[in-house]
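1. following is a predicted model, sequence given first.
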Amino acid sequence: MKFLLDTHTVIWAVYDQELLSPHVRQILELSDHEMIVSAATAWEISTKYRLGKLPGAKILAEDFVSVVSQSGYSLLAISPEHALRAGRLQGNHKDPFDRMLAAQAIHEDLILLSNDVNLDPFGVRREW
């Protein structure tokens, strides 16, 4: 199976796995699953780190690609199709990072590992 990790899932997987649900910890431990991290997550982490909203995420903000690679995760670029789908998603959820992750999960047929129930109206397959 292929999973897209929400930004908080990546942060918790790197810094404090106890914050992840037991179900997500189990999924991350199984080597037969493909774990994917979006470029939108790099964008969100670096933005929030710069603004002082994620002061503890220095390693991810400064060396994102290496940390993600060492964790065994694949990177997913943002394509024009992803951007168009994110812009067209119906609903009141205004966070551009979440809209992009939802669009990518839908477009790439990925299960989104997220505790954010506000993503459900977009029609994503979400597990937590």
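-> Cool, got the structure.

2. what comes up buried for stretch 66-82?
-> Buried residues in stretch 66-82, counted by 16 or more other C-beta atoms under 10 Å: 67-68, 73, 76, 78, 82. Using the backbone N, CA and C atoms, a C-beta is placed for each residue, glycine as well.

3. only the C-alpha atoms, please, for it, written as CSV.
-> C-alpha atoms of stretch 66-82 as CSV (Å, rounded to 0.1, in the frame of the first residue of the first chain):
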residue,chain,number,x,y,z
SER,A,66,18.2,14.1,4.0
VAL,A,67,15.9,13.4,7.0
VAL,A,68,13.1,12.1,4.8
SER,A,69,15.5,10.0,2.8
GLN,A,70,17.1,8.5,5.9
SER,A,71,13.6,7.7,7.2
GLY,A,72,13.0,5.6,4.1
TYR,A,73,10.3,7.8,2.7
SER,A,74,9.9,8.8,-0.9
LEU,A,75,9.4,12.5,-2.0
LEU,A,76,6.4,13.7,-4.1
ALA,A,77,6.8,16.8,-6.1
ILE,A,78,3.9,19.2,-6.7
SER,A,79,2.7,19.0,-10.2
PRO,A,80,0.4,21.4,-12.1
GLU,A,81,-2.3,18.7,-11.9
HIS,A,82,-1.9,18.7,-8.1
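
4. distance between that stretch and the chain's centre?
-> Stretch 66-82 sits 9 Å away from the centroid of its parent chain (C-alpha atoms, centre = their mean, to the nearest Å).

5. identify the residues contacting it?
-> 4-5, 10, 13-14, 34-40, 59-60, 65, 100, 103-104, 107-108 (C-beta atoms under 8 Å, 6 or more residues apart in numbering).

6. so who does Glu44 touch?
-> Glu44 sits in contact with 7, 97, where contact means C-beta under 8 Å, 6+ apart.
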